[in-house]
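**Student:** Predicted coordinates and the sequence they were generated for:
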Amino acid sequence: MRRLLCSLAAMAFAVAGTFPAAAADPVKFALCYDLSKAYTFVTPQIAQAAKDYAALLNMKGGIEGHPIDVIVQDHGNEPQRGIECYEKLKREGVMVFDMLSTPVSRAVLPRIMKDGNILLQSLVGRGDAIDGDVFKWVFPIGPTYWGQAANDIEYIKQKSGGKLKGVKVAFLYIDYPFGQEPIGILKTLAQKEGFDLQLFPYPLPGNEQASAWTQIRRYNPDWIVSWSLSKMHIIASREMKRNGIPIDKYIAVNWLNEVDINNIGPAEAKGLKRGTNVAGGSNHPIIQEIIKELYDKGKGNGDRKNLEDVYYNTGLAIYSIAFEGARLAIKKDGWPLTPQKIKDGFESLKDYDANGLMAPVTVTAHDHGGGGKTRIEMWDGAKWVPQTDWIAGFSDEVWKVVKDESAKYAKEEPQK
Amino acid sequence: MLYRKAGIFHTDYAADRALFPIPADRWTIGLLLLIAATAPLYMNSLYLSSYLLPWLVWTAATLGLNLILGWAGQFHLGYAAVMGIGAYAAVHAVRTGIPWEIAIVLAGFTAAVIGIGFAFAALRVKGLYLALSTLALQFVMDWTISHVQAISGGTQATLQAPDIRLLGIPITSDAGLYYIALVWCLLVTSFMLNLKRTALGRALVAVREKDYAAAVIGVNSFYFKMVAFATSSFIGGVTGAILIGTFYHAVTPEQFSVDVSIQALAMVIVGGLGSIIGSYFGAAFILLMPGVMNSFISWLANLLGLSLSLETLAHLPQALYGALIIVFLLVEPLGLGKIYNNIRDYLLVWPFGYVKK
């Protein structure tokens, strides 16, 4: 039986080993994604964007002459399959991994830190990983949930004329770690700025929010900050209608896309706000080039209508950063790449915004988050209208929480 | 011919009660043990650390669950919770400075105590109602971990596990971790093998078949149900701790969520209720098949020159995997273990098949 297993596994190994032969050694990026369970509302678009952008760059000669190889594998949001994916691809010379799943990122983290490979975890995983002094190998480039929540409060502050005293903020969230994460920073800020904060959790899977909304109606907040995913926003919008709460009080986390807007109804969603770190829409020059070079010639890596989706832009943002980081690494330290060189490459990213695609990021050895800038956008019935510049509010408070948490992790390390 | 039964005499109790009276079985087991014991020598570290090791640990868990499902006949839909209790208990214990050897046992006892606590409530109800009560254990556990930060390890809800140490020696190599998993799996297996021929095992089977009837012949079904819950929880707790120590190296609530409970249940059912070899097959099937299927489909698509979209590539293996489970259970409702037994029964008399008829 063990033999059978071995031969099966050997077959699997042989399978994964068949890559197209390339002239120069490729730069490999592993996307171990959940393409079949919980994260499917975002992973296909992001993987498609990564593959498209890699194809586009490969047409122009790749990264400093080395072709980009984007390897996508499904892990079904199961930690053990994510580990398997990591262990397998690690042995095939991949140094940059992206799990795009909080459970799997958490499960792989101890191995990444031990082996010294690069873990990209934009928008997922533990927020304190932006502390580059502790999490040397983890790059959560983009905003953390803490940073995003702080930026939302910053926006509310701007809208209330610069002071928050007496402003009522409702925090609506799905009652599991993703939703609970911003609570700490929100409480800190409420104390500091003197606004009134109340928490309204609703249980998994988020289809039932009636009791939370009844309470919100009684509370009558000025703003509702919502940590929800895809369809939960739609249920929230229905409950808002039922309870007579205007939708323009609603500020969503970045996980709200065009599909959700269509499900709410573009006209009904007018006034809805969301925090985001990328510019939406497909009129950005990179996307236009991708359309011209790939999709018009039938060489796209997926469904063309995904290009309208903001998650496609999110993917493009993540991978333009990753490819740029690798480019800097080769340019600075030369071929062959090592994880250390890639780390240096990432850490020398400065004010990089891929031509206006996203909030500019500056990564340093201390700050692996790149600044954590986001902006608030409003749906005007047909498109998203930016309400602020790229902002990173209350970064002192955010960093205080980050340092507290990462210090706890650092304290555990020496026990190893 | 392969399984020669000539020369096997049931002349004394020891021979009659032997676990493997047929020499061919003993040879097979000896060979498999040899293959398992020398695996680190010839197997590359990927298969060792990412396929074989988790498979062995999950097999131990499947056996533990099989004790309560297959032997005692009691539903349990919260086995991952029991494993989780063990995992958290062990990691917290180690972090306070208790050595791993003791922490692992402590994990087992913590899980057993909490498992029994639930058994008291659960034993008043039967069948599907019991299934629901144990499912409640799962949800209570999930809720407790995600809301009590002292357990889960703060807002990040991950608790890094210190490296596993035995007798003060840190064990970090793939081979070392593999041996820990192997030893535990073999311990549980031999316990389960021997359970069959003890009074406890027979009492459990009596309770499973009909608890009134068991009571009539003097088997205290309440007591034995509790023993079953406690033993199975103990195995689950230790397995949870070993899973963290050898494989995950960090505990998070998702590693022991309700999905995992369902997976463990699937391992038992696909493998075969009350079957030990089936537990090995079941764990392998449920744990490794999705990954193998995944690679197989991408390989096939490559071979045929099909360019499937990413999503199709991810969903096709799932569909095939689901179909396979249905096919296996249609062919043999008693699971993969029974399929193995059918083959063995056929070979027992081969080539003289008419002997059976």
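**Tutor:** Thanks, I have the structure now.

**Student:** center of the chain - which residue?
**Tutor:** No chain in the question, so chain A it is. When CA atoms, centre = their mean is applied to chain A, the residue found nearest the centroid is A:Leu123 (2.6 Å).

**Student:** not what I meant, chain B
**Tutor:** Residue closest to chain B centre, computed by CA atoms, centre = their mean, is B:Thr62 at 1.7 Å.

**Student:** right, and it touches B:Gly282 too?
**Tutor:** Yes: contact criterion CB atoms under 8 Å: B:Thr62 and B:Gly282 qualify, at 5.7 Å. For the C-beta atoms, the positions are set from N, CA and C on the backbone; glycine is no exception.

**Student:** Mutual contacts of the two, please.
**Tutor:** B:Met267, B:Val268, B:Gly271 (CB atoms under 8 Å, 6 or more residues apart in numbering or on different chains).

**Student:** quick one: which of the residues you listed is nearest chain A?
**Tutor:** Among those, B:Gly271 lies closest to chain A (CB to the nearest CB), at 12.1 Å.

**Student:** Check the gap between the closest one and B:Ile286 for me.
**Tutor:** B:Gly271 sits 8 Å away from B:Ile286, taking CB to CB, to the nearest Å as the criterion.

**Student:** again, but for B:Ser232
**Tutor:** The gap separating B:Ser232 from B:Ile286 is 18 Å, by CB to CB.

**Student:** now B:Asp16
**Tutor:** From B:Asp16 to B:Ile286 the distance is 36 Å (CB to CB).

**Student:** Between those two, tell me which one has more neighbours.
**Tutor:** B:Ile286 (23 against 11; other CB atoms under 10 Å in any protein chain shown).

**Student:** Please name the residues that touch that one.
**Tutor:** Per CB under 8 Å, 6+ apart, neighbours of B:Ile286: B:Trp58, B:Gln263, B:Ala266, B:Met267, B:Val270.

**Student:** Buried ones among those residues?
**Tutor:** B:Trp58, B:Gln263, B:Ala266, B:Met267, B:Val270 (16 or more other CB atoms under 10 Å in any protein chain shown).

**Student:** Would you verify that A:Pro266 is located in a strand?
**Tutor:** No: read with DSSP: H, G, I helix; E, B strand; the rest coil, A:Pro266 is coil and lies in no strand.

**Student:** Leaving out sequence neighbours, find the closest residue to it.
**Tutor:** Excluding its sequence neighbours, the residue lying closest to A:Pro266 (CB to CB, 6 or more residues apart in numbering or on different chains) is A:Gly381, at 5.9 Å.

**Student:** neighbours around residue 337, how many?
**Tutor:** Went with chain A since none was named. Going by other CB under 10 Å, the residues that sit close to A:Leu337 add up to 21.

**Student:** That was the other one, I meant chain B.
**Tutor:** 24.

**Student:** List the contacts of the residue in the stretch 101-250 of chain B that chain A sits nearest to.
**Tutor:** The nearest approach of the stretch 101-250 of chain B to chain A comes at B:His249, 4.0 Å away (CB to the nearest CB). Going by CB under 8 Å, 6+ apart, B:His249 touches A:Pro110, A:Arg111, B:Gln160, B:Ala161, B:Asp163.

**Student:** Just say helix, strand or coil for the residue nearest to the centre of chain A.
**Tutor:** Quick answer, by three-state DSSP: A:Leu123 is coil.

**Student:** Could you measure from it over to chain B?
**Tutor:** Distance from A:Leu123 to chain B, counting by CB to the nearest CB, to the nearest Å: 15 Å.

**Student:** what's near enough to touch that residue?
**Tutor:** Contacts of A:Leu123 by CB under 8 Å, 6+ apart are A:Leu100, A:Pro140, A:Gly142, A:Pro143, A:Asn254, A:Thr314.

**Student:** redo that, cut-off 7 Å
**Tutor:** A:Gly142, A:Asn254 (CB atoms under 7 Å, 6 or more residues apart in numbering or on different chains).

**Student:** what comes up buried for the strand or helix carrying A:Phe323?
**Tutor:** Assigned by DSSP states H and E, A:Phe323 belongs to helix A:310-333. Neighbour counts over helix A:310-333 (16+ other CB under 10 Å) mark A:310-330 as buried.

**Student:** on that earlier part again, restricted to helices, list the shared contacts of B:Thr62 and B:Gly282.
**Tutor:** Within those, residues falling in helices by DSSP state H are B:Met267, B:Val268, B:Gly271.

**Student:** Need these in TSV (columns: distance to chain A and pLDDT).
**Tutor:** Shown next, in TSV, are those (distance: CB to the nearest CB, whole Å; pLDDT from 0 to 100):
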residue	distance to chain A	pLDDT
B:Met267	13	94
B:Val268	18	94
B:Gly271	12	93
